[in-house]
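Undergrad: Sequence and predicted model, in that order:
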Amino acid sequence: MTGTDTTKQGFMLDEAAQGVIGTPMDRPDGPLKVSGAATYAHEWNLPGTAHGVLVRATIAHGRLDHVNATSIADIDGLLGVYSGPRFLRNPAQGGAEEAPVQGVDIEYFGQPVALVVAETFEAARDGAMRIQLRMEADDSGVFDPANSPAEPQEDEALEQGDLDQAMQDAAHAIDVTYTTPGHNSAAMEPHCSIAHWQDGRLTLRGSYQMLKYNKMELADALDIDPARVRVLSPYVGGGFGSKLGLAPEALAAAIAARDLDRPVVVALSRQQVFEVVMRRSESTQRVRLAASEDGTLTGLGHSGLVSNLPGESFAEPLLQATRFLYGGQNRTLSLGLSRVNRLCAGSVRAPGEAIGMQVLENAMDELACAADIDPVELRLRNIPERHPETGIPFASRKLAQALQQGAESFGWNRRQTQTGACREGEWLIGMGMATAARVNWLSKSAARVTLKTDGTALVETDMTDIGTGTYAILTQIAAEMLGLTPGAVTTTLGDTDLPAAAGSGGSWGASSSGSSVFLACQEIRKDIARQMGCTPEDLTLKNGTAVCGNRSTPLTDLLTRDVCREATVKPDKAMKDKQSASYGAHFCEVAVNAVTGETRVRRMLGVFGAGRILNEKTARSQCIGAMTWGIGMALHEDLMFDLRDGHLTNRDLAEYHIPVNLDVPHQDVIFIEERDDDASPIQAKGLGELGICGAAAAVTNAIYNACGVRVREYPATVDKII
Ligand code: MOS
């Protein structure tokens, strides 16, 4: 997009003749999904498929010395047992490293160490349960992050001005420490991979988020040319970060399938998803806020401690929004990473902001109370003019509008300032709010669009739809640009033989892949304009017809052959000159039972500004899902590890509590009209993760308002409230 006039491009979509963009169109893939016709990972049923089941370590630190396959030799239909250093760890974030073959190091409880393959799933599972492992425990394992020295993350550290002095001089000073627990992505569709080798080429079918990266990961782990790997993932039942990288079953399936020369499927059970995929790190966070009498921040400190496996580089970047969200000249930021023998920590929805803003927004609420300033007003007073660290300007930012419009729509003025002041029988009612912010990225992405002589179009890219609505928005963009009905456009996704897309992650999927489709369609429009003898600016495409001035020609008459164009969008260098983020505000009303301490969320409102909204329905669903997770983060979700031996005690959806229907009240979502010329050619910004950022804090701030209890150790379960 460098050198192109993006304002002109975006204007083009607003002026487009079809009016398809942005509308709440149903997902074209919806009927396939609800009728079972969409092929999810486990549903390919390739002839001759063998079944593999992972065998996992039952110690959290030590070595696997021996796998005794003869112990299960009696099993009918047993095809093979595979083990070795490749099962070492989840390669989700750091790439799949090789280790010397001298036994297998065990670094966390439940780590995959072998794969049993058999003719049937039942036989493989029988083998995996009965196989004998000889493991040597090593008592130097660290199971409690508190017992591991934190490695300072230099890139995250900031010392600006003198925060200690600012805290001393402040009219109002807040110094609070919160803890947040680990989370599991718990996507509805468990991870599953089917590997199939034909003529030295591997096809991997499964459930993944970022296919071009997954292809490279697999090629790297197997030490083969990436050109020999094809990854297919047309339908994905949720990812939330857990499918950004390959989970251990993919490589295990590929190794076994190569050896057996037949397709091998390996699916994770729900327990295995919890134990091997990857977690959001727990955190300890200290926030210091120094403010003058009127609530203006003079200083801000945020220090965090997160954990990961030894050797892993990912450290949940929980300072990400703190850096730029609020002013305050004197700033101290730091992040530490401790090493712990728990499963790999990685990206879980809105890595960084999800838990960083949760705590920052609680601390802001504490400041609002201490200074006796309305929480909305406190935020409005602290929106900085320029980036408080770097001084660069902000790109589009609808924070003030979101705060104001949210307060208005929610009826915020009915909130009682005094805690415990609003009572209905046993129930104490309270309102809380929080800011939402999530950094915005554009990521390199390619797509191919073909306009056919029959007046239909085909969109092709290896982009994924992880439930986000990619099929819908890419169909809408192509239909809008080419003057077709959405029904005349077919979108094909999830195949690495197609142009490489950004993948679904970091909220960049829609703006990046959407822009590539937009740019490819622009090229097609130029071709059509040439055939019509006019400039692209003077061309209107509508209802399958090309219109120039007073001339009008149906595309089916105009086109003598298919027009096929491929385009790639890349991040513009100019993007770096501005702080780009999506913004919003959360409002929440809770009822806290004064007898039992239970919290019922009564209503929630999210107001969001994320650039052009491409499909009002799928965008809204993203926000509702994210806000629901916010309820879970506030009240329920908590990965609990046994500090004696490192095992995860709540490894399924019976024990790891997520919000169910009765926990989720009516939720409203309001989108603020916004166009961002810097963000992407289609003027859209990231949305998928925005709704989780700050959501949990709105819930717990409401709990405080209701009953005066400030829970600083998440989640806010009844025992901490009563
Ligand atoms: Mo996201 S946690 O980058 O899928």
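TA: Yep, that arrived.
Undergrad: Could you use CA atoms for every contact and neighbour count after this?
TA: Noted.
Undergrad: The stretch 351-500 of the chain: helices as residue ranges?
TA: 353-371, 375-381, 399-410, 470-482 (DSSP state H, counting those that start in this stretch).
Undergrad: Please identify the most buried of those.
TA: When the helices of the stretch 351-500 of the chain are scored by mean count of other Cα atoms under 10 Å, the highest mean neighbour count falls to helix 470-482 (a mean of 28).
Undergrad: Could you list the residues in contact with it?
TA: With Cα atoms under 8 Å, 6 or more residues apart in numbering as the test, helix 470-482 has contacts from 13, 16-21, 25-29, 449, 457, 459, 463-465, 484-486, 488-493, 510, 513-514, 517-518, 521-522, 525, 541-542, 544, 614-615.
Undergrad: Just the buried ones from the residues you listed, in ChimeraX syntax?
TA: Applying 16 or more other Cα atoms under 10 Å to those leaves a buried subset, and the ChimeraX line that selects it is:
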select :13,16,17,18,20,21,25,27,28,29,449,457,459,463,464,465,484,485,486,488,489,490,491,492,493,510,513,514,517,518,521,522,525,541,542,544,614,615
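Undergrad: picking up where we left off before, which stretch among the helices of the stretch 351-500 of the chain comes nearest the ligand?
TA: When the helices of the stretch 351-500 of the chain are compared by Cα to the nearest ligand atom, helix 353-371 sits nearest the ligand, at 9.7 Å.
Undergrad: do you know how far the residue nearest to Leu158 when sequence neighbours are not counted is from His302?
TA: In space, and not counting its chain neighbours, Leu158 is closest to Leu333: 4.9 Å by Cα to Cα, 6 or more residues apart in numbering. Per Cα to Cα, to the nearest Å, Leu333 is found 5 Å from His302.
Undergrad: which residues of the stretch 101-250 of the chain fall in helices?
TA: Going by DSSP H, counting those that start in this stretch, the stretch 101-250 of the chain shows helices at 121-130, 163-169, 211-222, 248-260.
Undergrad: Those: which one's closest to Ala698?
TA: Across the helices of the stretch 101-250 of the chain, Ala698 has its closest neighbour in helix 163-169 (25.6 Å, Cα to Cα).
Undergrad: Put the alpha carbons of that closest one into PDB.
TA: Taking only C-alpha atoms (Å, rounded to 0.1, in the frame of the first residue of the first chain), the coordinates of helix 163-169 have been written out as PDB:
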ATOM      1  CA  LEU A 163       7.900   8.000  40.100                       C
ATOM      2  CA  ASP A 164       8.900   7.700  43.800                       C
ATOM      3  CA  GLN A 165       9.000  11.500  44.100                       C
ATOM      4  CA  ALA A 166       5.700  11.800  42.200                       C
ATOM      5  CA  MET A 167       4.100   9.300  44.600                       C
ATOM      6  CA  GLN A 168       5.300  11.300  47.600                       C
ATOM      7  CA  ASP A 169       4.100  14.600  46.100                       C
END
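Undergrad: what's in contact with that helix?
TA: Counting by Cα under 8 Å, 6+ apart, Ala173, Arg288, Leu289, Ala290, Thr298, Gly299, Leu300, Gly301, Asn330, Arg331, Thr332 sit against helix 163-169.
Undergrad: Stretch 304-317 now?
TA: 93-94, 107, 145, 150, 156, 280-286, 318-319, 334-347, 351-353, 356.
Undergrad: try 7 Å
TA: Under the contact criterion Cα atoms under 7 Å, 6 or more residues apart in numbering, stretch 304-317 has outside partners 94, 145, 281-286, 334-346, 351-352.
Undergrad: what does stretch 606-615 give?
TA: Stretch 606-615 has contacts (Cα under 7 Å, 6+ apart) with 21-25, 398, 402, 406, 473, 582-587, 619, 668-676, 683-687.
Undergrad: Tell me how many other residues surround Asn543.
TA: 17 (other Cα atoms under 10 Å).
Undergrad: Flag the shaky bits of this protein, pLDDT-wise.
TA: Across the chain, residues meeting the criterion (pLDDT under 70) sit at 1-11, 16, 85-103, 574.
Undergrad: again, only this time at 80
TA: Applying pLDDT under 80 to the chain flags the ranges 1-12, 15-17, 84-103, 573-576.
Undergrad: Any residues of it in contact with the ligand? List them.
TA: Phe240, Gly241, Leu244, Ser347, Val348, Arg349, Ala350, Pro351, Gly505, Gly506 (Cα under 6 Å from any ligand atom).
Undergrad: Can you lay out these as TSV showing neighbour count and distance to Ala436?
TA: Formatted as TSV, the residues of the chain next to the ligand follow (neighbours: other Cα atoms under 10 Å; distance: Cα to Cα, whole Å):
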residue	neighbour count	distance to Ala436
Phe240	23	18
Gly241	26	19
Leu244	24	23
Ser347	26	18
Val348	27	17
Arg349	26	14
Ala350	27	11
Pro351	23	14
Gly505	25	18
Gly506	25	15
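Undergrad: Let's have those residues in CSV, adding distance to Gln160.
TA: Shown next, in CSV, are the residues of the chain next to the ligand (distance: Cα to Cα, whole Å):
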residue, distance to Gln160
Phe240, 34
Gly241, 33
Leu244, 35
Ser347, 29
Val348, 30
Arg349, 30
Ala350, 26
Pro351, 25
Gly505, 32
Gly506, 28
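Undergrad: which of the residues you listed lies closest to Asp577?
TA: Proximity of the residues of the chain next to the ligand to Asp577 (Cα to Cα) peaks at Gly506, which lies at 19.8 Å.
Undergrad: Tell me the secondary structure of the closest residue to that closest one other than its chain neighbours, please.
TA: Spatial nearest neighbour of Gly506, chain neighbours left out: Ala350 (6.8 Å); criterion: Cα to Cα, 6+ apart. Per DSSP: H, G, I helix; E, B strand; the rest coil, the secondary structure class of Ala350 is coil.
Undergrad: just use 35 as the starting number from now, easier for me
TA: All right, first residue 35 from here; so that's Ala384.
Undergrad: doesn't Glu723 make contact with Ala384?
TA: Yes. The pair Ala384 / Glu723 is scored as a contact, 5.1 Å apart, by Cα atoms under 7 Å.
Undergrad: got the CA coordinates for stretch 703-720 in PDB?
TA: What follows is stretch 703-720 as a C-alpha-only set of coordinates in PDB (Å, rounded to 0.1, in the frame of the first residue of the first chain):
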ATOM      1  CA  VAL A 703     -22.600  -3.600  21.800                       C
ATOM      2  CA  ILE A 704     -22.300  -0.200  20.200                       C
ATOM      3  CA  PHE A 705     -19.900   0.500  17.400                       C
ATOM      4  CA  ILE A 706     -18.600   4.000  16.900                       C
ATOM      5  CA  GLU A 707     -18.400   5.100  13.300                       C
ATOM      6  CA  GLU A 708     -14.700   5.400  12.500                       C
ATOM      7  CA  ARG A 709     -12.500   5.400   9.400                       C
ATOM      8  CA  ASP A 710      -8.700   5.000   9.800                       C
ATOM      9  CA  ASP A 711      -6.700   5.800   6.700                       C
ATOM     10  CA  ASP A 712      -3.500   4.700   8.400                       C
ATOM     11  CA  ALA A 713      -4.600   1.400   9.600                       C
ATOM     12  CA  SER A 714      -5.400  -0.400   6.400                       C
ATOM     13  CA  PRO A 715      -6.500   0.200   2.800                       C
ATOM     14  CA  ILE A 716     -10.100  -0.700   3.900                       C
ATOM     15  CA  GLN A 717      -9.800   1.700   6.900                       C
ATOM     16  CA  ALA A 718     -10.500  -1.200   9.400                       C
ATOM     17  CA  LYS A 719      -8.700  -1.900  12.600                       C
ATOM     18  CA  GLY A 720      -8.400  -4.900  14.900                       C
END
